Structures are given as structure tokens and as C-alpha cells.
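Student: Could you look at this predicted model? Sequence included:
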Amino acid sequence: MARDVSDATPITSREELVAWFEAGSKPQGPFRVGTEHEKFPFYRADHTPVPYAGQPELSRAGIRVLLEGMQKSGGWEPIMDGPNIIGLFDAKEGGAISLEPGGQFELSGAPVETIHAADAELDAHFSALHAIADPLGIGFLSLGMTPKWHRDEIPMMPKQRYEIMAHYMPKVGTRGLDMMFRTSTVQANLDYESEADMVRKLRVSLALQPLTTALFANSPFSDGKPNGFLSARSEVWRDTDKARAGMLPFAFEPGMGFERYVDYALDVPMYFVKRGETYHDVAGASFRHLLAGHLAALPGERATLSDWANHLSTIFPEVRLKRYLEMRGADTGPKPFLTALPALFVGLLYDPLALDGAYELIKGWSTEDRERLRDEVPRLALEARIAGRSLRELARDVLGLARAGLARRAKLDAKGRDETHFLDPLDLVATGRTQAEILLAHYREDWNGNIDRTFETCVY
């Protein structure tokens, strides 16, 4: 999340929470798409992670200097956590830059109308970032998991919420700290028109997140060697915190809607409550108690809209509902893959014929089918199977639907091209190898087992 919300409007009922989601519906005007991606900074000289304050003893600047440089060059507004700049915000367009726990440098793109605009935004971001980072000797990995660093080598960013999360994670899973400190993702955020539209889009995109994981698999290394997975990032999520992650089986049950998601979110344990500049550790407590004013750690405090929005940002299913839908199944990857993800889901979800076609593909899958596929994909990627078909076969159908949906949108750039070419990297994966399989072949055949080659090959 780019920044925590500050809205002190009090809320006192479940119905107000339902209305909050309902207000996200966009029945008029064009749907938009936002793209978020994370990337690990490293020192090119020795391939070590970049601390927040840098390494003064070696005359090396750190992440703080990167943020300060981006602020000056782009006119961004700083996001502070106490005395520390921990992000930037574009008040005019709505984009933001933030830090994930292990220093992952994240661009949360502004909502835009076309994939062409998202692509231009990425180009501008990387141009500005390289202008600051290159003279400092800092590069950025385009992998879904750190290929070499052990968890205890990775510095934690100075954000209060991450201290709370890092303390809580080992209580609810074995891989939560790996998720926080060693993984990077790319996400796409898409609009819904109504409650019924949200439910249909949520079901299709949830069912297809394992396919997304397979197409974007790009995390085959960790701790300096192959880790046995094609998407180790996705495997990490399988034992991070089962109360707040996963495939949301209830979303496919009769009666699904905003109310049902509110009930789910109310039962997901909280991490913190922010008052002023202070994050109060309430990890494990219920939002229901805060809503009623009975939170033991903060007696008498009542819930606000910012508490609700911030709580929703700490829920991590494969597709997350806010006032839009977040696609969360993909490893980060080379720049063409950063635009391929929003292109895939814009093509599927924003074209009625494509959405209907995608729903026909997934409507017969059972909860057990979907869960089994989710479990198998991190290791097998496109060779995983569901309902008697491999994901490779399914990918061709889904990509065909998305391509047709983008073609019907007919959003053209200055060269007269529509958005379909942004799917080209995924067509290559569907008919060939994942990024992870290509990297593993390089590791065995070209790199002589030298993991440091990732810091030369897998960079932006």
C-alpha cells in the first residue's frame, strides 16, 4: 500500500462498512486501471541489499537518498513516518512511491484509462529513478524473490506498521517474514460497476489467479541456489497467515456481495490502529471490538473510515476487494510483464464478451479444484492441471479471450496500435517457457551455477 489513509470520520455500524464498498462502484465514465510493482534495490559493486540510511562507512547512499532525489526531480509530496521519509505521493495524478518492509521500491501507478498510459507511466518512472540511482551505483532486481540474500541480511525499513507485522507474523505462519522481506510482486487494480459486477469479476479473477501465477512465475532462486519452485513467492504465501490470505472460497457461494466481504474482513485479525502519527499494536484483535468501542488495547476508541481502509490494506487474498479489485497472484518481472498483467485483466474484465467467456471456463470448478490448483502452481506452473486440462491449454483460451477483449476496446496509441501487443510476452510463455524456467536453464547451462549472474541479467 502506498500510504495509510487518514480519515477521522467515525463509523459505528456494519452497514456503513458495506456502504463504503458500494461507494466504490463506478457506473458512469470509463473504467480505469492501476498498476503496482515492487523491485529490490542492490549495490552494483557487491550485490548487497541497500539499507535505508545507506552505508556511510563505504560512502554509499541509501534508500532515503533515493526517495529524496525522486521527490526533488518529480515534485512529489513526501510521506513521513516520524522523522523518516518513507514514500512519495502525487497529489495531482494519484500515483505514489512507497517502501515495502525489506526495501522493495514500489510504484503505485495512478488510475489511467489505457495500457498505453500505464506503459508511459512506467517509462517515466524508470527514467527518473535511473537518473537518481545510477550515479549512486544502485540497481534494481526484476525477480519475484531475492535470489541470494538470507532473510537476516535484509534491512527493515523504518515504518512502524512493519515492526508490528514482523513481530506478529511468526505467530500465524512459517513464511510471513519471507513474504515481507524477500518477495516482490506486480499487481493490477480494476474497477467494478456494481455489486453484481464486482462479484462476477471477483469470481473470474480469483479462479484465474493460479494461471496468473504460472504465466508470471519468476522466482526460482533463493539463498543462492534453485529453490525447487518456479514461483517461490507464491509458495511463501501458502503459509504466511491463513486468516488473511488464500483463494476466498466463500466468494463462490450463493449470497456473495459486499456484506459477505465485510463479514470476512471483520473477522480477519487487525495489526494496528493509527492515531495521529502513532501506530498502536493491536495485532490479533478484532475490528468488531473496535467498531463497538470495546478494543482492549485502546479502551473507548471508536472506529473511523481510516481504520477500515487501513485494515483492508492488511488483508492479503489472491484478489483483494477495496473500492476496486486488486490482482495479487503475479511475481514481478521484466518490464514487458509489468504491462502484461493489467492488459490481461483489462481484456478479460472490461469487455462483456470476454468476461462471459472467462466465466464459462471457470464456472464448473469446485472449491477443491481451485485449492488444489493453487497448491500445485508454485512448483508446476503451466504443467499444473484443473478439470482435466493443463494450465498451458487453459492459458491459450484465456489469452485469446483477453486479446479479443482488448481488440474490441480499440484504444489506440499515437502509432495507431491497440492494446493487444501488451499480451505478447504472455503468448510466448504459454507456447514456451516461463521466465523461471528460462533462468534455471541459464543457471545450469550458461552461468555455471553462479547466482551473481542474476544481478547482471535480472535487472531493470
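Tutor: Arrived safely, thanks for sending.

Student: What are the buried residues along stretch 301-315?
Tutor: Within stretch 301-315, the residues scored as buried using 16 or more other CB atoms under 10 Å are 301, 303-315. Where you see a C-beta, it was placed from the backbone N, CA and C, and this is true even at glycine.

Student: as a whole number, average confidence for the top strand by length along the chain?
Tutor: Criterion DSSP state E: the longest strand present in the chain is strand 33-43. Averaged across strand 33-43, the pLDDT comes to 98.

Student: immediately after it, which helix or strand?
Tutor: helix 63-74 (DSSP states H and E).

Student: thinking again about what came up before, give the other helices and strands that the longest strand of the chain contacts.
Tutor: strand 105-108, helix 115-133, strand 138-141, strand 185-190, helix 335-349 (3 or more CB pairs under 8 Å, 6 or more residues apart in numbering; DSSP states H and E).

Student: How much space separates the residue most central in space within the chain from Arg288?
Tutor: Closest to where the C-alpha atoms of the chain average out (CA atoms, centre = their mean) is Gln187, at 4.0 Å. As judged by CB to CB, to the nearest Å, Gln187 and Arg288 stand 28 Å apart.

Student: now His280
Tutor: 17 Å.

Student: what are the bridge partners for His37, then?
Tutor: Taking DSSP bridges as the rule, His37 bridges to Leu107, Val186.

Student: Return the residues in contact with it.
Tutor: Contact analysis of His37 by CB atoms under 8 Å, 6 or more residues apart in numbering lists 106-107, 122, 184-187, 332, 338.

Student: Closest to Tyr43 out of these?
Tutor: Closest approach between those and Tyr43, by CB to CB: Ser184, at 17.3 Å.

Student: Would you agree that closest one is in contact with Lys39?
Tutor: Yes - under the criterion of CB atoms under 8 Å, Ser184 makes contact with Lys39 at 6.0 Å.

Student: Which residues are in contact with each of the two?
Tutor: What both Ser184 and Lys39 touch, as defined by CB under 8 Å, 6+ apart, is the set 104, 141, 332.

Student: out of those residues, who's nearest Ala117?
Tutor: Distances from Ala117 to the shared contacts of Ser184 and Lys39, taken by CB to CB, are shortest for Thr332, at 20.1 Å.

Student: burial of the closest residue to the closest one other than its chain neighbours, as a residue count?
Tutor: Leaving aside its chain neighbours, Thr332 sits nearest to Ser184 (4.2 Å; criterion: CB to CB, 6 or more residues apart in numbering). Using other CB atoms under 10 Å, Ser184 has 26 other residues around it.

Student: now swap in Pro336 and tell me
Tutor: For Pro336, the neighbour count with other CB under 10 Å is 15.

Student: quick one: it and Pro425 touch, right?
Tutor: Yes - the pair Pro336 and Pro425 qualifies as a contact (CB under 8 Å) at a distance of 4.5 Å.

Student: and the longest strand of the chain with helix 115-133, angle?
Tutor: 20 degrees (axes from the mean of the first three to the mean of the last three CA atoms, to 10 degrees).

Student: For Ala53, see how far away the residue nearest to the residue nearest to the centre of the chain when sequence neighbours are not counted is.
Tutor: Nearest non-adjacent residue to Gln187, counting by CB to CB, 6+ apart: Glu36, 4.4 Å away. Separation of Glu36 from Ala53 (CB to CB): 25 Å.

Student: Those two: which is more packed in?
Tutor: Using other CB under 10 Å as the criterion, Glu36 and Ala53 rank with Glu36 on top: 25 against 15.

Student: Who are the contact partners of that one?
Tutor: By CB under 8 Å, 6+ apart, the contact set of Glu36 is 106-109, 185-189.

Student: 7 Å - rerun?
Tutor: Applying CB atoms under 7 Å, 6 or more residues apart in numbering, we find Glu36 in contact with 106-109, 186-187.

Student: most neighbours, which of those?
Tutor: Val186 (29 neighbours).

Student: wait, that one sits on Thr339?
Tutor: No - here Val186 lies out of contact with Thr339, judged by CB atoms under 7 Å, at a distance of 9.3 Å.

Student: Counting neighbours, what do you get for the nearest residue to Arg32 once chain neighbours are set aside?
Tutor: Using CB to CB, 6+ apart and skipping residues adjacent in sequence, the residue nearest Arg32 is Pro111, 3.8 Å away. Residues near Pro111, counting by other CB under 10 Å, number 18.

Student: Okay, buried residues for the longest strand of the chain please.
Tutor: Of the residues in strand 33-43, 33-43 count as buried by neighbour count, 16+ other CB under 10 Å.

Student: The residues you listed: which two are farthest apart?
Tutor: Among these, Val33 and Tyr43 lie farthest apart (CB to CB), at 34.0 Å.

Student: how about the strands in the stretch 251-400 of the chain?
Tutor: 272-275, 278-281, 316-317, 319-321, 325-331, 385-386, 389-390 (DSSP state E, counting those that start in this stretch).

Student: Give me whichever of those is most buried.
Tutor: Most buried of these, by mean neighbour count (mean count of other CB atoms under 10 Å): strand 325-331, with a mean of 25.

Student: angle of that one against strand 33-43?
Tutor: Strand 325-331 runs at 40 degrees relative to strand 33-43, counting by the same axes, to 10 degrees.

Student: how far away is the residue nearest to Ile132 when sequence neighbours are not counted from Gly102?
Tutor: Spatial nearest neighbour of Ile132, excluding adjacent residues (CB to CB, 6+ apart): Gly69 at 3.6 Å. Distance, Gly69 to Gly102, using CB to CB: 20 Å.

Student: Look at these two and report which has more neighbours.
Tutor: Gly102 (26 against 18).

Student: Ramachandran angles for that one?
Tutor: Reported as degrees, to the nearest 10, the phi and psi values for Gly102 are phi -90, psi 20.

Student: who's in contact with it?
Tutor: Gly102 touches 154, 156, 180-182, counting by CB under 7 Å, 6+ apart.

Student: Name the nearest of these relative to Tyr264.
Tutor: Met180 (22.5 Å).

Student: From what I see, that closest one and Leu99 are in contact.
Tutor: No - using CB under 7 Å, Met180 is not in contact with Leu99; the gap is 11.6 Å.

Student: So between these two, which is more surrounded?
Tutor: Remark: of Met180 and Leu99, Leu99 carries more neighbours, 28 against 22, as counted by other CB under 10 Å.

Student: Mind pulling up the pLDDT for the more buried one?
Tutor: 98.

Student: my guess is it meets Gly87, correct?
Tutor: Yes - with contacts counted by CB under 7 Å, Leu99 reaches Gly87, the gap being 6.3 Å.

Student: and the helix or strand containing Gln209, which residues are buried?
Tutor: Taking DSSP H and E as the definition, Gln209 sits inside helix 195-215. For helix 195-215, the neighbour count (16+ other CB under 10 Å) marks 195, 197-215 as buried.
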